[in-house]
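Chemist: sequence unknown, structure follows:
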């Protein structure tokens, strides 16, 4: 994981980054990163023989999603530079996964955590965050993630002495977590053969960080962003940038192309991934695989990697995985 391997980026000013609070005693945070890369076998059956399609299984992180990486980096950078100190509360807007990660990390490190979530997020995400001890403030469900962002900004402005406002959408520690760890992992796991990287865009931290690092290894690697087809296509974890608050860390010039995901098609593929590949994934993950299949289908040869942010376990109460014929 980045805290132990990327030692060249660390200084004596921040010793907590390279050792647990009690030297020699591991914590659950040491399990963040080093997630497996899995090759799909049945869904890519119609691809050219020299095309390989892999997925990065981020639900193997202890908090269940890719957001563990960014949340840990955001918190530990803030500890390092003094923005987060004992007695302050970690606070941010989240639709679920980052909030769960903050809550998990806060529990280990001894911080209070307050999360601003749209009132209509799945009950599993609320329950998991609360299980780790987080307080949840609900924002207007009709305003979605953007409403949560606006409310979080208001709370931070009203009581700046109380909160460390993590601000995942604008905090460069978000993408740096992936630049320093996720990108090198993918490069190593593919033996440097990766030709295309596909990721959904929410905060955009994953695509920005992984993409920048992969481009340094090989400028010819193609970066593909995945967004909802329009503002009416609600796909958990993805932002339609044209109609949403655009994250400050997002650079629209980095991706080589953007593919548009449709909710019904994404849901159908999520069911297929479970039943044909044994991969029970969330909806943004299914959208990334759908885009990766489209890209792979255009190639005569290549190694395509799609990042899958989480599993489907946090979405069961939505009943979207039920057999449509039996509803």
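Modeler: Nice, I can see it. In this text the structure is predicted, and so the values were computed from the model without any measurement.
Chemist: Spatially nearest residue to residue 133, not counting backbone neighbours?
Modeler: Sequence neighbours aside, residue 107 is the residue nearest to residue 133 in space, at 5.4 Å (criterion: Cβ to Cβ, 6 or more residues apart in numbering). Backbone N, C-alpha and C define where each C-beta goes, glycine included.
Chemist: got the residue ranges for the strands in the stretch 151-300 of the chain?
Modeler: Here the stretch 151-300 of the chain has its strands, by DSSP state E, counting those that start in this stretch, at 163-165, 196-200, 222-228, 257-261.
Chemist: Show the contacting residues for residue 114.
Modeler: The contact partners of residue 114, taken as Cβ atoms under 8 Å, 6 or more residues apart in numbering, are 89-91, 134-137, 155, 163.
Chemist: mind checking the SS state of it?
Modeler: Here residue 114 is strand, with the state taken from DSSP: H, G, I helix; E, B strand; the rest coil.
Chemist: Would you mind naming the residues that bridge with it?
Modeler: Counting by DSSP bridges, residue 114 is bridged to residue 91, residue 135.
Chemist: got it, and the one 4 residues further on?
Modeler: Per DSSP bridges, the residues bridged to residue 118 are residue 139.
Chemist: I'd say it and residue 95 touch.
Modeler: Yes - shown here, residue 118 and residue 95 form a contact pair, counting by Cβ atoms under 8 Å, at 6.4 Å.
Chemist: Residue 41: neighbour count?
Modeler: 11 (other Cβ atoms under 10 Å).
Chemist: Show me the shaky parts of the stretch 1-150 of the chain.
Modeler: 1-24 (pLDDT under 70).
Chemist: Can you show me the strands along it?
Modeler: Taking DSSP E, counting those that start in this stretch as the test, the strands found in the stretch 1-150 of the chain are 37-39, 50-57, 89-93, 113-118, 135-139.
Chemist: how about the first one: buried residues?
Modeler: Which is strand 37-39. Going by neighbour count (16 or more other Cβ atoms under 10 Å), the buried part of strand 37-39 is 37-38.
Chemist: ok, now the longest one?
Modeler: Judged by neighbour count (16+ other Cβ under 10 Å), strand 50-57 contains these buried residues: 51-57.
Chemist: what's next to that strand, contact-wise?
Modeler: By Cβ under 8 Å, 6+ apart, strand 50-57 touches 35-40, 43-44, 47, 182, 185-186, 189-190, 279, 285, 288-289, 292-293, 296, 299-308.
Chemist: switch to 7 Å and redo it
Modeler: Residues from elsewhere that reach strand 50-57 (Cβ atoms under 7 Å, 6 or more residues apart in numbering): 35-40, 44, 47, 186, 289, 292, 296, 299-308.
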